[in-house]
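In: got a predicted model here, sequence first, then my questions.
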Amino acid sequence: MSSSECEQGREQQQLMLIDCFRNRLVATIQVEPVLDFITFVEEADKEEIRAMKLQKGNQAAVNLLLTKITRQPPAAGWFGEFITALREGGCSHAAEYVRLDTDYGISPSLEAQNDLEVKLIDILAPSLIDKLLPFDISVYCFTSGILTQDDVENIMSETKQNGNRAGARKLLSRLIMKPPGWFSTFLGILHKTEHGDLANLLAGNDNSLSETEEPAEESKNVADEQLSTEEQNNMDNAKPDKIAVEKNEQPPEDLYSCPIIEEENNENSKNSDENSILSGISVLDLSRNAESVHDLAETSICSSNDSQLENGSSGVSGDENANSGKVLCNLIGRVCIESI
């Protein structure tokens, strides 16, 4: 195999590395400082890439840069220049992905830990942006080696123009592009710059969440205890009533009964009882009167018969006695009817 064929095979491997780690490179390359160290890209293409950054952001510009490199491979030696541009432009993390030397690659475990740290910054970004002082922190980060001079200048310029929140946002966006190990250094810088609360928050030592959860749990337990106490009191209050009902064996009062209606019903029943008693007494008296009249009639008839016998013996006619007896019977019958 000739040297030219070996060079072509090596170039194909380099292009495959860029395509394989494209997403990682897009996330870890800062396009403007890298373009300053690249000479194999034409100036017109550089201006197009910078315009893309202004219009759609850094990642879109990096994606365009990688597309131009992979579609039309530049002259020989471009790959080494690209690696140098990444390192000098403050993107050494991206350079580790496309190195052919296996001894300098990033281990999967270290890469996974770095991904978790970047995700943590994204989640806690609102709290960090509100409290970070970008001037002081960016200077400490530069002296610690995790930020470049270009990073510090961009952070300070953004802070002067748009305030601390914009500067803190720029600071975080540059930090998460750095090689693994930046997170622990950043925590130490937060302690030095009197941002210990943020350092504890990022390290998981913040007790504010547990303090808010404990009172809620305590209030829940107190509410449960109060509820159980009320239920016990209700059961205790209900027991004497139950015992009293069992002891008296009287049905509970009807809730729908009306005392006034009950009194009227009682009076009506009393009046009906009195009327029935009076009617019974009057019937009894009438029956007694009828019996007395009947006895009187019988006595009168007997007397008339006796008088008839006497008159017969004394010469009085029988027709007269009979007529007088009839008159007396009619009178007695009329009296009985009127009395009834």
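Out: Perfect, thanks for sending it. Residues are numbered from 1 along each chain as shown.
In: flag the shaky bits of the stretch 51-200 of the chain, pLDDT-wise.
Out: Along the stretch 51-200 of the chain, the model assigns pLDDT under 70 to residues 73-74, 100-105.
In: so which helix or strand takes in residue 83?
Out: Using DSSP states H and E, residue 83 sits in helix 78-88.
In: who's in contact with that helix?
Out: 11, 14, 29, 33-40, 69, 92, 94-95, 98-99 (Cβ atoms under 8 Å, 6 or more residues apart in numbering). Heads up, the C-betas are built off the backbone N, CA and C, glycines and all.
In: buried among those residues? Make that a ChimeraX selection.
Out: Under the burial definition 16 or more other Cβ atoms under 10 Å, those of these that qualify are selected in ChimeraX by:
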select :14,29,33,34,35,38,69,92,94,95,98
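In: now, which of the contacts of helix 78-88 lie within helices?
Out: Among the contacts of helix 78-88, DSSP state H puts 11, 14, 33-35, 69, 92, 94-95 in helices.
In: can you lay out these as TSV showing distance to residue 165?
Out: Output for the ones in helices among the contacts of helix 78-88, formatted as TSV (distance: Cβ to Cβ, whole Å):
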residue	distance to residue 165
11	46
14	41
33	24
34	27
35	28
69	36
92	28
94	28
95	31
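In: so which of those comes closest to residue 189?
Out: Nearest to residue 189 among the ones in helices among the contacts of helix 78-88 is residue 92, at 18.9 Å by Cβ to Cβ.
In: what about that closest one, distance to residue 178?
Out: Applying Cβ to Cβ, to the nearest Å, the value for residue 92 to residue 178 is 8 Å.
In: biggest separation within the ones in helices among the contacts of helix 78-88, which pair?
Out: Spatial extent of the ones in helices among the contacts of helix 78-88 (Cβ to Cβ) is set by the pair 11 and 33 at 25.3 Å.
In: list the buried ones in stretch 199-208?
Out: 199-202, 206.
In: please read the previous query as pertaining to stretch 112-120.
Out: Across stretch 112-120, burial judged by 16+ other Cβ under 10 Å covers 114, 117-118, 120.
In: likewise for stretch 152-170?
Out: 152, 154-156, 158-159, 164, 166-170.
In: okay if I get those residues as a markdown table plus secondary structure?
Out: Shown next, in a markdown table, are the buried residues of stretch 152-170 (DSSP: H, G, I helix; E, B strand; the rest coil):
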| residue | secondary structure |
| --- | --- |
| 152 | helix |
| 154 | helix |
| 155 | helix |
| 156 | helix |
| 158 | helix |
| 159 | helix |
| 164 | helix |
| 166 | helix |
| 167 | helix |
| 168 | helix |
| 169 | helix |
| 170 | helix |
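In: nothing else from me, thank you.
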